[in-house]
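S.K.: Sequence first, then the predicted structure, then my questions.
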Amino acid sequence: MKTHNTTFFPALKPVALKRPVKASPNWLNVARNLLPTFVILALAEALTRYSGSGYSVIVITLLSVMLYTTLRYGTAIGVTSAVLVVLFNFHVVAVNMGSELFSMQTLEGGGVVATVFPVLALIIGRLKSRNDSLLRGAEEARILAEESAQQLLFMAESMPQKIFTNLPNGKSVYMNAQWSEYTGVSKKAIRDWGTVVHPHDMKENMRVWKESLETGAPFQFEHRLRRADGAYVWHLTRAQPLRDKKGKIILWVGSSTDIEDVRRARKLEADAVRLMKQRAELMELNKAKDEFISLASHQLRTPATSVKQYVNMALDGYAGKINPKLREFLEKANTSNERQLSVINDLLQVAQVDAGKVVLRKEPIDIDDMVASIVHDQRTIFADRSQTVNYMRKNKKTLLNADATKLRMVIENIIDNASKYSHENTSITITVARYRGQVRVAVNDEGVGIDKADAEKIFEKFMRLENPLSTVVGGNGLGLYWVRRVVELHGGTITAAPNKQRGTTFTIALPAGSK
């Protein structure tokens, strides 16, 4: 890509003819075209009668007439003129010999002219016709070449791609308007690849381009081209060699196409494949982890249960009377073992729900009765924390189909969390309501609350949010994760939202049953 001109295909540039081609006359113009012949013959007649010129002069004159008409008007007029010349020749011979026009003596005297002139006129006429045909063909080829060049130029200027042509040595000869529009500079200002190609792509670009020029192999390269605003956009540039009949390269024709979106799509596809692979690997790891947790929990639960039994037996005096100090130690051991069993049970529950091994035993239940029973059973806990629970039963019966045991554990978990993460002398409000085909259980507390950004995170596995009571309460971050999974198995949802002033509201929404 060096200097430029506006010729699209210089190898196809037509050559103009020096003079226009005239069409052969038709027979309606025969009389008009023969007029010069009659004039010259009349002059020859006068020359014969009054000047006494020799016969050779007359023959040369007649030959000139015949040649002129043949070359000027073609075979038909030329042969006709030759016939007239022959007749006039007989007339001249008859005058010179003093014989009749068609006497034997006259015919013998003018026989050479009578034989040669028509044949000569026919040959010359044929040659002229052939020459006219060649000239017409050349003119038609020139016009066709001009039209083809104009069509190719129009196509190149109309295409959205950036079109260019180069000579066999790589010198640029044409660039369409899209180059100027894209780069913001004139075509003449784009001297070579270095003007538009990104510096980081330039070295490899020139290596591939030079290789194509030397070997004649098609050029193809992806590189960044500078836009008018200075930004570089990825393009795919291709160039094919145009060869003559002998296989010699006479021109390179190429185009540059914007592939920024294509490359972005490629990257997204590659990222998607990579993420899918990572996801599959993580799922395998998660599966292995769940299997390990399930196995480990089962193995840990058995000895922990045995420890619980033996400690309780010791506390109950089955091993004899124990002193106060030993009782204190045993009670601490029992409390620690209870916490360990709680963690083991949580791990087992999560492992089962993740493995899809949880089977719901659904039956019609009254959710109002269930909530009232839970509040009654936990009243001692609320009293110990100086907390008030407000549950005003509004419905006689609110039915839904659910696994009673697991749904009770879900609601107990939510109410217990509301109590644990609330300070003393606060209240917890529980409501049950029907709404658009759903039964909604809402637990509203006045506790430490959560940020709006953490409303989803709180249900993730092993997630514990930092707050003023998190170190006091403790936990393993599995409770709310298990709660959400069980609610989802019931076809419902659970959400957490911060209250306007303080505290949090947890809302469980489940499909309603019959009234």
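M.R.: Cool, the structure landed.
S.K.: quick one: low-confidence ranges for the stretch 351-500 of the chain?
M.R.: Low-confidence segments of the stretch 351-500 of the chain (pLDDT under 70): 466-476.
S.K.: all helices of it, in order?
M.R.: Listed in chain order, the helices of the stretch 351-500 of the chain (DSSP state H, counting those that start in this stretch) span 367-377, 379-384, 404-420, 470-473, 479-489.
S.K.: Walking through the stretch 301-450 of the chain, point out its strands one by one.
M.R.: For the stretch 301-450 of the chain, applying DSSP state E, counting those that start in this stretch gives strands covering 362-366, 388-391, 399-403, 427-435, 438-444.
S.K.: what sits up against the longest one?
M.R.: This points to strand 427-435. 367-368, 371, 375, 382, 387-395, 398, 415, 418-419, 422, 439-446, 509, 512 (CB atoms under 8 Å, 6 or more residues apart in numbering). C-beta: built from backbone N, CA, C; applies to glycine.
S.K.: Restricted to buried residues, select the residues you listed in PyMOL.
M.R.: One line in PyMOL is enough to select the buried ones among those; burial here means 16 or more other CB atoms under 10 Å:
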select buried, resi 367+368+371+375+382+387+389+391+398+415+418+419+422+439+440+441+442+443+444+445+446+509+512
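S.K.: For T431, list each beta-bridge partner.
M.R.: A442 (DSSP bridges).
S.K.: how many neighbours does it have?
M.R.: Residues near T431, counting by other CB atoms under 10 Å, number 17.
S.K.: if I look at it, how far off is Y421?
M.R.: 19 Å (CB to CB, to the nearest Å).
S.K.: lowest average confidence, helix or strand, in this protein?
M.R.: helix 104-109 (a mean of 45; mean pLDDT, DSSP states H and E).
S.K.: First-to-last residue distance for stretch 416-428?
M.R.: 10 Å (CA to CA, to the nearest Å).
S.K.: May I see the buried residues of that stretch?
M.R.: For stretch 416-428, the neighbour count (16+ other CB under 10 Å) marks 417-422, 426, 428 as buried.
S.K.: How about stretch 159-171?
M.R.: In stretch 159-171, residues buried by neighbour count (16+ other CB under 10 Å) are 161-167, 170.
S.K.: Could you do stretch 335-344 as well?
M.R.: Across stretch 335-344, burial judged by 16+ other CB under 10 Å covers 337, 340-341, 344.
S.K.: The stretch 201-350 of the chain: helices as residue ranges?
M.R.: Going by DSSP H, counting those that start in this stretch, the stretch 201-350 of the chain shows helices at 260-315, 324-354.
S.K.: helices or strands next to the last one in the packing?
M.R.: Spelled out, it's helix 324-354. Judged by 3 or more CB pairs under 8 Å, 6 or more residues apart in numbering; DSSP states H and E, the packing partners of helix 324-354 are helix 260-315, helix 479-489.
S.K.: Distance to M206 added to the ones you listed, as JSON lines?
M.R.: Below are the helices and strands packed on helix 324-354 laid out as JSON lines (distance: least, CB to CB, whole Å):
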{"stretch": "helix 260-315", "distance to M206": "21"}
{"stretch": "helix 479-489", "distance to M206": "59"}
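S.K.: just those helices: most buried one?
M.R.: Greatest average neighbour count among those goes to helix 479-489 (a mean of 20), per mean count of other CB atoms under 10 Å.
S.K.: what's the angle between that one and strand 399-403?
M.R.: 120 degrees (axes from the mean of the first three to the mean of the last three CA atoms, to 10 degrees).
S.K.: Touching helix 479-489 from outside, list them.
M.R.: Under CB under 8 Å, 6+ apart, the answer for helix 479-489 is 346, 349-350, 353-354, 358, 360, 406-407, 409-410, 413-414, 417, 458-463, 493-494, 508, 510.
S.K.: picking that back up, show me which pair in the buried residues of stretch 416-428 is furthest apart.
M.R.: Largest separation among the buried residues of stretch 416-428 by CB to CB: N417 and T426, giving 13.5 Å.
S.K.: wait, what's in contact with Q438?
M.R.: 492, 509-512.
S.K.: Quick check: it vs R485, distance?
M.R.: Taken as CB to CB, the span from Q438 to R485 is 19 Å.
S.K.: sorry, back to before: for the helices of the stretch 351-500 of the chain, which one sits closest to S180?
M.R.: That would be helix 479-489 among the helices of the stretch 351-500 of the chain, by CB to CB, at 60.4 Å.
S.K.: Just the CA trace of that closest one, in CSV.
M.R.: Provided in CSV are the C-alpha atoms of helix 479-489 (Å, rounded to 0.1, in the frame of the first residue of the first chain):
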residue,chain,number,x,y,z
GLY,A,479,-29.8,-23.2,58.9
LEU,A,480,-31.2,-20.6,56.5
TYR,A,481,-29.7,-22.5,53.5
TRP,A,482,-31.6,-25.6,54.5
VAL,A,483,-34.8,-23.6,55.2
ARG,A,484,-34.8,-22.1,51.7
ARG,A,485,-34.2,-25.5,50.0
VAL,A,486,-37.1,-27.1,51.9
VAL,A,487,-39.4,-24.2,51.1
GLU,A,488,-38.4,-24.5,47.4
LEU,A,489,-39.1,-28.2,47.5
